[in-house]
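1. got a predicted structure plus its sequence, pasted below:
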Amino acid sequence: MASSTRFLTTNLRTFPSRFRRFPPYISVTSLPAVRGSFDFSLRSKRGLVIGTDLKKFEVRRRSSMAEAATEKGKGTVQVFDSEEELAVSLAKYTADLSDKFAKERGYFTVVLSGGSLIKSLRKLVEPPYIDSVDWSKWYVFWVDERVVPKDHPDSNYLLAYDGFLSKIPMPSGNVYAINDALSAEGAADDYETCLKHLVKNKTIDLSQTSGFPKFDLMLLGMGPDGHVASLFPGHPLVQEKNKWVAFITDSPKPPPERITFTLPVINSSAHIALVVAGAGKAHPVHVTLGDGQNSDLLPVQMVSPEGELMWFLDKAAASKL
Ligand SMILES: O=C1O[C@H](COP(=O)(O)O)[C@@H](O)[C@H](O)[C@H]1O
């Protein structure tokens, strides 16, 4: 049984409500008779696996909210008992992809977010990964950055440096921070030019489908309002269709000046890990993966990559599902 998702429950009443609502699952799994702990994992766009301590069931092509979500391109959802378990799994996921891309392409292009994501990467800088990952193949970028000096407390670079980059033996020349001497507009243009150069020399892949850069792994956080990168609900920047990197001078979350990858770049990724922890983020998770309502289409709802979308949720973030 995949160990990714675990709901501990003592009876059916605490089994995730999305399954309780769908009789096909209940009849297949005979859940009313079962007591104890349940594991389930949304494994693919097609299948849902439900296991108990006694039995495992594989259910294919059944209609459920969970599967409907995956079929709309919402990816694979994993819910962990704690943020600690989430961090353990995120480290393995990242290390496995690092291995794959380092072997296949000789490069591993990784895009970081700011905020709480960096803390959730802490297990990667511990054994076994600190020794087993080939850090020399890593090329690091930012999905968004605040237009502040690199040593400013608001800098996403500084956060990543202190919490992650300073602890891994990767070449500093492979770390692509924004030019903090420029204006927001200048920094966005400069970063886009830099990406174009790296696409030209094939360090970064180019999506044959979209014509936008295709990063191997994007590690995305999400704000309590459903923003991803510096793309905020209701802001015109979420509609940007041409630019690779855009700037914003009126971010509703301070600081106001930022640069950000646009949705076409985000959605050209080979892999996106959407990492969300805490009850404060349960509403946008409910809107995106469940039947929650919101007046605006949230930026997180527009994340739908060409490649794989993997949600890493803790129980608190998934509490409304
Ligand atoms: O401002 C930002 O916020 C989001 C979410 O941050 P979190 O602390 O709530 O996880 C982050 O993903 C983004 O990179 C950052 O610039």
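-> Okay, I see it.
2. and for the residue in the stretch 1-150 of the chain that the ligand sits nearest to, nearest residue in space, chain neighbours not counted?
-> Of all residues in the stretch 1-150 of the chain, Gly115 sits closest to the ligand, with a separation of 2.4 Å (CB to the nearest ligand atom). From N, CA and C alone the C-beta is placed, and that goes for glycine too. Leaving aside its sequence neighbours, Gly115 sits nearest to Gly221 (CB to CB, 6 or more residues apart in numbering; 4.6 Å).
3. that neighbour and the ligand: what is the separation?
-> Look at Gly221 and the ligand: by CB to the nearest ligand atom, to the nearest Å, they are 3 Å apart.
4. contact partners for that residue?
-> The contact partners of Gly221, taken as CB atoms under 8 Å, 6 or more residues apart in numbering, are Ser113, Gly114, Gly115, Ser116, Leu117, Val228, Val275, Val276.
5. show me what the helix or strand harbouring Leu195 is packed against.
-> Leu195 belongs to helix 184-200 when assigned by DSSP states H and E. Helix 184-200 is packed against strand 213-214, strand 245-248, strand 258-261, with contacts defined by 3 or more CB pairs under 8 Å, 6 or more residues apart in numbering; DSSP states H and E.
6. for Trp311, which three-state class applies?
-> Secondary structure, DSSP: H, G, I helix; E, B strand; the rest coil: Trp311 is strand.
7. pretty sure it contacts Lys281?
-> No. Trp311 is not in contact with Lys281 according to CB atoms under 8 Å; the separation is 11.5 Å.
8. the protein: helices as residue ranges?
-> Ranges of helices in the chain, per DSSP state H, are 17-20, 23-29, 65-69, 83-105, 117-120, 129-132, 156-163, 184-200, 263-266, 282-289.
9. least reliable of the ones you listed by average pLDDT, please.
-> If the helices of the chain are sorted by mean pLDDT, helix 23-29 sits at the bottom with a mean of 27.
10. so the residue most central in space within the chain bridges to which residues?
-> Central residue of the chain (CA atoms, centre = their mean): Leu274, 1.8 Å from the mean position. Here Leu274 shows beta-bridge partners Leu220, Trp311, assigned using DSSP bridges.
11. which bits of the stretch 101-250 of the chain sit near the ligand?
-> Proximity of the stretch 101-250 of the chain to the ligand, by CB under 6 Å from any ligand atom, involves residues Ser113, Gly114, Gly115, Ser116, Leu117, Asp144, Asn156, Gly221, Met222, Gly223, Ser230.
12. now do 8 Å
-> Within the stretch 101-250 of the chain, the positions adjacent to the ligand are 112-117, 142-146, 156, 220-224, 227-230 by CB under 8 Å from any ligand atom.
13. any stretches of this structure with poor pLDDT?
-> 1-73 (pLDDT under 70).
14. please redo it, this time with the cut-off set to 90
-> Counting by pLDDT under 90, the chain contains low-confidence ranges at 1-74, 295-296.
15. you'd agree Ile204 is up against Thr109?
-> Yes. Ile204 lies in contact with Thr109 (CB under 8 Å); the separation is 5.3 Å.
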